[in-house]
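J.: sequence first, predicted coordinates after that:
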Amino acid sequence: MNVQFRRTLLDYATRPYRSAGLFAYKFAEGKLKSDPAFFGLLENGLLPNAERLIDLGCGQGLLASWLLEARKLHECGNWPPHWPPAPKINHIWGLELMQKDVDRARAALGDSAQFYQGDIRSADYGKADVAVVLDVLHYISYEAQEEVLKRIWAALPPGGTFITRVGDAAGGLPFYYSNWVDRTIFFLRGHRLNRIYCRTLDEWLEVLRSTGFEVRPLAMHKGTPFRNVMLIAKKTGE
């Protein structure tokens, strides 16, 4: 069942992008199939049920499509019995710097989720139960990273969940290879290639804890030559 389920979820989550153009569809197909983060979020039960989830640096809305289709499959009984339940997210709100990606997300998912153009360093996040930032923080300065983390902390309730995936700068050659691939994709999507601001895993843990999060790391590069780590954080007291 597991292999067939994976194929079904990939097909369902990719299918909406046919209406957003060939590039959007092919990018969704390749990214969702090859990136272990998407199945990792579900298989490890990293996301709780939530009224509102914010996806900062959401690209063309792949995470939203993934979670929406996963929930549909879970509700119709097509779900691996050994996996945690798919998270029930009532509202998904995505913020993306590139207007073209916002347009693709809206064309694919319509009113199923909300997508807005904006900079995570300055846009208003509102309030949320869960915040997600995947492979984005290293594109902004160290000072901006810390400010964004503070703003995420402020947007969450006590016990709220923050999940981010980062590269471990102490990861050697796999780390440098993952950065090269990431920057290539970043460029193909229309972004400028500026300096990147990376940290070691220990440094990421320290900055999150100093912001007020309890955090644990989980390797998230299975099946790839990369060195990526998912950080699962919970907001502590006010």
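T.: Cool, got the structure.
J.: tell me if residue 126 really is in a strand.
T.: No. Applying DSSP: H, G, I helix; E, B strand; the rest coil, one finds residue 126 to be coil, outside a strand.
J.: quick one: contacts for the closest residue to it other than its chain neighbours?
T.: Computed as Cβ to Cβ, 6 or more residues apart in numbering, the closest residue to residue 126 that is not its neighbour in sequence is residue 155, at 6.7 Å. C-beta here means a position set from N, CA and C on the backbone, and glycine is covered the same way. Applying Cβ atoms under 8 Å, 6 or more residues apart in numbering to residue 155 gives the contacts 54, 125-128, 131.
J.: kindly recompute the last result at 10 Å.
T.: 52, 54, 56, 124-129, 131, 162, 235 (Cβ atoms under 10 Å, 6 or more residues apart in numbering).
J.: model confidence score at it, please.
T.: We have a pLDDT of 98 for residue 155.
J.: enumerate the beta-bridge partners assigned to the residue positioned nearest the centre of the chain.
T.: By Cα atoms, centre = their mean, the mean C-alpha position of the chain lies nearest to residue 134, the distance being 3.7 Å. Beta bridges link residue 134 to residue 165, judged by DSSP bridges.
J.: ok, it touching residue 66?
T.: No. Counting by Cβ atoms under 10 Å, residue 134 does not reach residue 66; the two are 11.1 Å apart.
J.: any residues in contact with both of the two?
T.: Counting by Cβ under 10 Å, 6+ apart, the contacts common to residue 134 and residue 66 are 37-38, 41.
J.: any idea which of those residues is closest to residue 21?
T.: Nearest to residue 21 among the shared contacts of residue 134 and residue 66, counting by Cβ to Cβ, is residue 38 at 21.0 Å.
J.: can you tell me the element that closest one falls in?
T.: Element membership for residue 38, per DSSP states H and E: helix 36-43.
J.: can you give me how far that helix is from the chain middle?
T.: Chain-centre distance of helix 36-43: 10 Å, with Cα atoms, centre = their mean, to the nearest Å.
J.: picking that back up, distance check, the residue nearest to residue 126 against residue 125.
T.: Note on residue 155: its distance to residue 125, by Cβ to Cβ, to the nearest Å, is 4 Å.
J.: joint contacts of the two?
T.: Contact with both residue 155 and residue 125 is made by residues 54, 56, 131, according to Cβ under 10 Å, 6+ apart.
J.: for the last one, what are its contacts?
T.: For residue 131, the contacting residues are 50, 52-56, 93, 125, 148-149, 151-153, 155-156, 160-164, 233, 235, taking Cβ under 10 Å, 6+ apart as the criterion.
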